[in-house]
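>>> Give me coordinates for this.
(chains A and B)
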There are 2 protein chains.
Amino acid sequence: MIWPGWSHPTELSASRVVLSLQINGDTDQSMSVAKTSPISPVDPTAAEPFYRQIYKRFRHAIASGLLKPGERIPSARALAQELGLARGTIETAYSLLAAEGYIQARGQAGTIVTPDLRPQPPVAGTKPSPVRGMAAASFRPDSILPFQMGLPALDAFPRKIWARLGARCVRAMQPSDMAYPPACGLQELRTEIAAYLNVSRGISCSPYQVFVTSGYRHTMTLIGHAVLKRGDRVWLEDPGYPHTRKMLEQMCMTAVPLPVDGDGMVISDGVRAAPRARAAVVTPAHQSPLCVTLSLPRRLALLDWAARNDAWIIEDDYDGEYRYVSRPLPALKSLDRDGRVLYAGTFSKVLFPGIRLAYLVVPEAQVERFEQVSEAFATDGPQLTQAIVTAFMKEGHFARHIQRMRKLYAERRDATAAGLESVLGRYMRIDPQPGGMHLVMRLRGTRSDRQLARRMREQGMRAEALRDCVMGGGGPSALLLNFTNIDSRETAENFAQRILRLL
Amino acid sequence: MIWPGWSHPTELSASRVVLSLQINGDTDQSMSVAKTSPISPVDPTAAEPFYRQIYKRFRHAIASGLLKPGERIPSARALAQELGLARGTIETAYSLLAAEGYIQARGQAGTIVTPDLRPQPPVAGTKPSPVRGMAAASFRPDSILPFQMGLPALDAFPRKIWARLGARCVRAMQPSDMAYPPACGLQELRTEIAAYLNVSRGISCSPYQVFVTSGYRHTMTLIGHAVLKRGDRVWLEDPGYPHTRKMLEQMCMTAVPLPVDGDGMVISDGVRAAPRARAAVVTPAHQSPLCVTLSLPRRLALLDWAARNDAWIIEDDYDGEYRYVSRPLPALKSLDRDGRVLYAGTFSKVLFPGIRLAYLVVPEAQVERFEQVSEAFATDGPQLTQAIVTAFMKEGHFARHIQRMRKLYAERRDATAAGLESVLGRYMRIDPQPGGMHLVMRLRGTRSDRQLARRMREQGMRAEALRDCVMGGGGPSALLLNFTNIDSRETAENFAQRILRLL
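Sure, this is the predicted structure:
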């Protein structure tokens, strides 16, 4: 088991917390807030901000046993109302408490006092050191939940090697490394990425075509400013990655949803419905979220459409490495003869999401345009992160890690599928897929995936509903279950038993 | 002296380099490119990309003494033409050579073989380790040049403390730290920033009003998407920070230039010319680039205009800490009673630019809106950077560093001003200013600041021309000279002598 079992929290009313806080305030001489009158709004001239007073009271109440491990605390909204304070003030106090491991948010299930917390009186006046803070952060609520989408196997990351390289890079930092880094990314990193793409993804590109960004969203911002404009129509897969849709909306572009079948995005529908669209966003390796592969005829049809219409293909290759039935397929970009494909890669899935590092490969003819926009928006990450990743790639750890993960994920995928099917086989079936980091589990009958996903969240399991990836919200019912952090068939069976009770 | 003296490079023609490369290609058995025929375009199926062959040939030519230290090599454009290759291919090779310390770009002065390079035969097949790579990067050309704007005193940064904290944070990294970090920034960092702003900048804000971003430009992107829209008119200081103008252009907003006098931005002009503008970007502490302080009546007039028109004031407080005549003034944000000020702070100037970390403080009523946009664009930096800065602030190094720098900058400013004036006093005069990180040196007579700045660049000194900060490009002639990296009056005098020869 990677996660501790969640115990059923007992509900605690806002009034009771207010009461405990007031009792606590009463016994704690440092608190000066009146017990009977509603607490007055935050006083900017007060030495201690209000959120901090709330935070301290909770900490004291937990440490002294007034609030017990596993007990549910009121929502920020309820407590804010009760105390006559802004919700944000309470949320800040809660965030601090969560960051230090005192409480845990459980999504829809509310927030509880950390179950396995040993009461420990806070030491007055001492600040937690970052190491303690970071160790405590392993309590952090929403960071790794069972089935949570988008996370690689964080337990299997070579943290020691990473720490060694990181320490070395931070010690080697020279004044010249501290100045403004090149807007398109460190040259050495761009060189390593280009070499990797050549070998592993069949993309023949030069380092100057590679733009380092601080994540997929910055990649999209860069693309949006460089080659698209407000009001442009963009083909999207439907179902698809909800964040892509949201970002296009934020940039005031119009999404044209295209259906996805067993061969991937149905290109012919796009050609019929919106031939003059300016761009198409696709996930050819394993369609997000259905995991199907874009077939070769479709790839060629898409490239042909783009070439005829001077449209852009944005290839989101977020997990192209993770194919289990054969060697990974070359990227769509490898077939791009007309310079229409903008290739978006990321280190979020092959390293870890907290690294905030991604990249974009642009056609040779677009390099200058992207350099200008890069200069204006400076989308790359800090020098240190880039230096660590460069070292990690140069020394061969990157290639080794991907190979190890491909093997591990194949195992975890089989184990998870077997565990889930043995318990839930009567109610669901798992789509056969060639790759990816999650399973698509179809619900038989008329069960709602959204409702089930919601119930699972209440139990600390973070599945996504397929319908939440569909633009209109309809279509078949299925759960999307990331398997990379499920370490054995037994773990999967345990979770399946819990899911069974929710049906 | 912080910088080595630049020697006058001797020019080397493209043909000669081609010749040396061909001679070199001749003696090097691993090179298979024909000597006499023009080199064919990059073959994507070739084992070694073309830029790498060029890179290797240069490396060999330098190591073997065919190209001598200090010798000028042809521009990428010229060599590309000569070899019949894309300019980008040559540029990539040059970047690699520069990153490894073989060559140095000198801006307008061209690119030369690193002057103090000891010839050393490259070891075939070995890749440079990141430590070597990073040490070599101290050769990096454009990173720290005399008078370069925007850089703090990089020699005075407590690198050892930083490295210690960095190594500790990277070692303490837990799986939960590797998942997606919160979109608005690490809670502990937001808390530290809020505390610092309360104490040092007079801004009363709660941590949840603080949004961590990966730089001023991302701050502006966030603001652009959250509260502005395409076509909006925005007041800008003129002269002003060119990048702000460029970014607004990229976001398709219309800049309304307002003049700057001894009291800062002339608000009344804005009220007359564009009362319905949606926002104003100001640098109240030390106007960028004139360094004047926005007077209290102007501050109140600006706040009044914003309140009446529901307009936004974007306060760019990039170097508010660096005031030498008295204690730093509180930020404009500290007077914001109507919640109209968006406060943009950055760690680029008080720590270092390569850190790529900044923040934005928004009014309480806007928190939810900014949270949504933050979620869509994920503008914060990597967990590791945020953790190191948190530790640096928590342990008091941040406050101590700022105090030390305020003292050091006051000294360096006086020394630089004295050194420059003793040599150039007949031709220029330095504006008296209360703070900032650069001097404004007015040219007497009709000399062109742009021409002088260009000539200085040719000599390896990176001054900016005031006219390049003016929207129309006209106005008085002055040089903008950063003094934070000038370590003594003697250094300043040496540079002044060089400037004198350019007049």
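>>> tally of neighbours for the closest residue to chain B within the stretch 401-503 of chain A?
Chain B sits closest to A:N485 of the stretch 401-503 of chain A, with a gap of 8.8 Å, by C-beta to the nearest C-beta. (C-beta placed from N, C-alpha, C; glycine too.) A:N485: 24 surrounding residues under other C-beta atoms under 10 Å in any protein chain shown.
>>> tell me the SS of it?
Each residue gets one of three states, and A:N485 gets coil by DSSP: H, G, I helix; E, B strand; the rest coil.
>>> I'd guessed it sits against A:A153; true?
Yes: using C-beta atoms under 8 Å, A:N485 is in contact with A:A153, at 5.8 Å.
>>> what's the distance between the residue of the stretch 401-503 of chain A closest to chain B and A:T416?
10 Å (C-beta to C-beta, to the nearest Å).
>>> So which residue is dead centre in chain A?
Centrality entry for chain A: nearest residue to the mean C-alpha point is A:G150, 5.1 Å, by C-alpha atoms, centre = their mean.
>>> check contacts around it.
A:G150 is in contact with A:348-349, A:353, A:437, A:482, B:180, counting by C-beta atoms under 8 Å, 6 or more residues apart in numbering or on different chains.
>>> Dump those into TSV; add pLDDT and secondary structure as well.
Below are these laid out as TSV (pLDDT from 0 to 100; DSSP: H, G, I helix; E, B strand; the rest coil):
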residue	pLDDT	secondary structure
A:S348	94	coil
A:K349	94	coil
A:P353	93	helix
A:M437	95	coil
A:N482	96	strand
B:Y180	85	coil
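>>> farthest pair in the residues you listed?
With C-beta to C-beta as the measure, no two of the contacts of A:G150 lie farther apart than A:M437 and B:Y180, at 14.2 Å.
>>> Between the two, which is the more surrounded one?
A:M437 (24 against 18).
>>> in the longest helix along chain A, what's buried?
Looking across chain A with DSSP state H, the single longest helix is helix A:397-424. Neighbour-count burial for helix A:397-424 flags A:397-398, A:401-402, A:405-406, A:408-409, A:412-413, A:415-417, A:419-421, A:423-424 (criterion: 16 or more other C-beta atoms under 10 Å in any protein chain shown).
>>> Break down the stretch 151-300 of chain A into its strands, ranges please.
For the stretch 151-300 of chain A, the strands defined by DSSP state E, counting those that start in this stretch cover A:210-213, A:233-238, A:254-261, A:264-265, A:279-282.
>>> for the ones you listed, which one sits closest to B:F370?
strand A:210-213 (21.4 Å).
>>> Let me see the residues that make contact with that closest one.
A:184-186, A:189-190, A:193-194, A:197, A:219, A:222, A:357-362, A:370, A:374, A:379-381, A:386.
>>> So in that sheet, which strands flank it, and in what orientation?
Strands adjacent to strand A:210-213 in the sheet, as given by DSSP bridges, are strand A:358-361 (antiparallel).
>>> list the buried ones in the next helix or strand after the partner strand?
Next helix or strand after strand A:358-361 toward the C-terminus (DSSP states H and E): helix A:367-377. For helix A:367-377, burial by neighbour count (16+ other C-beta under 10 Å) applies to A:367, A:370-371, A:373-374, A:376-377.
>>> so which of the residues you listed are also by chain B?
A:367, A:373, A:376-377 (C-beta under 8 Å from any C-beta of the partner chain).
>>> Among the residues you listed, find the lowest-pLDDT one for me.
Least confident by pLDDT among these: that is A:F377, with 77.
>>> and the closest residue to that residue other than its chain neighbours, what is it in contact with?
Excluding its sequence neighbours, the residue lying closest to A:F377 (C-beta to C-beta, 6 or more residues apart in numbering or on different chains) is B:R217, at 5.2 Å. B:R217 makes contact with A:376-378, B:243, B:247, according to C-beta under 8 Å, 6+ apart.
>>> and which of the residues you listed is nearest B:I430?
Once C-beta to C-beta is applied, the member of those that ends up nearest B:I430 is B:H243, at 24.7 Å.
>>> from memory the closest one sits against A:F377, does it?
No: if you go by C-beta under 8 Å, B:H243 and A:F377 don't touch, sitting 9.8 Å apart.
>>> element containing A:E315, please.
Going by DSSP H and E, A:E315 is part of strand A:312-316.
>>> same question, A:I54
Short version, using DSSP H and E: A:I54 is in helix A:50-63.
>>> ok now that helix, how far from the chain's centre?
30 Å (C-alpha atoms, centre = their mean, to the nearest Å).
>>> And for stretch A:306-326?
On C-alpha atoms, centre = their mean, the centre of stretch A:306-326 falls 20 Å from the chain's centre.
>>> returning to what we had before: need the buried residues of helix A:367-377 in TSV (columns: distance to B:I73).
Compiled in TSV, the buried residues of helix A:367-377 are given as follows (distance: C-beta to C-beta, whole Å):
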residue	distance to B:I73
A:V367	22
A:F370	26
A:E371	22
A:V373	29
A:S374	26
A:A376	30
A:F377	31
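>>> Count the neighbours of the residue nearest to A:D261 when sequence neighbours are not counted for me.
Excluding the flanking residues, the one nearest A:D261 by C-beta to C-beta, 6+ apart is A:V292, at 7.6 Å. Residues near A:V292, counting by other C-beta under 10 Å, number 22.
>>> same deal with A:L296?
12.
>>> For the stretch 51-200 of chain A, give me the ranges with low pLDDT.
For the stretch 51-200 of chain A, the stretches with pLDDT under 70 are A:60, A:63-65, A:99-100, A:116-143.
>>> for chain B, what are the nearby residues on the stretch 301-450 of chain A?
A:352-357, A:364, A:367, A:373, A:376-378, A:380-385, A:387-388, A:390-391, A:394-395.
>>> Just the buried ones among those residues, please.
By 16+ other C-beta under 10 Å, those give A:352-357, A:367, A:373, A:376-378, A:380-385, A:387-388, A:390-391, A:394 as buried.
>>> Among these, which are located in helices?
If you go by DSSP H, those have A:367, A:373, A:376-377, A:383-385, A:387-388, A:390-391, A:394 in helices.
>>> what about A:L222, distance to A:L342?
Distance from A:L222 to A:L342, by C-beta to C-beta: 9 Å.
>>> Kindly export stretch A:79-98 (C-alpha atoms) in PDB.
Presented in PDB, the C-alpha positions along stretch A:79-98 are these (Å, rounded to 0.1, in the frame of the first residue of the first chain):
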ATOM      1  CA  LEU A  79     -16.200  29.000   9.900                       C
ATOM      2  CA  ALA A  80     -15.800  32.300   8.200                       C
ATOM      3  CA  GLN A  81     -19.500  32.900   8.500                       C
ATOM      4  CA  GLU A  82     -19.500  31.900  12.200                       C
ATOM      5  CA  LEU A  83     -16.500  34.200  13.000                       C
ATOM      6  CA  GLY A  84     -17.600  37.000  10.700                       C
ATOM      7  CA  LEU A  85     -14.300  36.900   8.700                       C
ATOM      8  CA  ALA A  86     -13.400  36.600   5.100                       C
ATOM      9  CA  ARG A  87     -13.400  33.100   3.800                       C
ATOM     10  CA  GLY A  88      -9.800  33.700   2.500                       C
ATOM     11  CA  THR A  89      -8.600  34.400   6.000                       C
ATOM     12  CA  ILE A  90      -9.700  31.000   7.200                       C
ATOM     13  CA  GLU A  91      -8.400  29.300   4.000                       C
ATOM     14  CA  THR A  92      -5.000  30.800   4.600                       C
ATOM     15  CA  ALA A  93      -5.000  29.500   8.100                       C
ATOM     16  CA  TYR A  94      -6.100  26.100   6.900                       C
ATOM     17  CA  SER A  95      -3.400  26.000   4.200                       C
ATOM     18  CA  LEU A  96      -0.800  26.700   6.700                       C
ATOM     19  CA  LEU A  97      -2.100  24.000   9.000                       C
ATOM     20  CA  ALA A  98      -2.200  21.600   6.000                       C
END
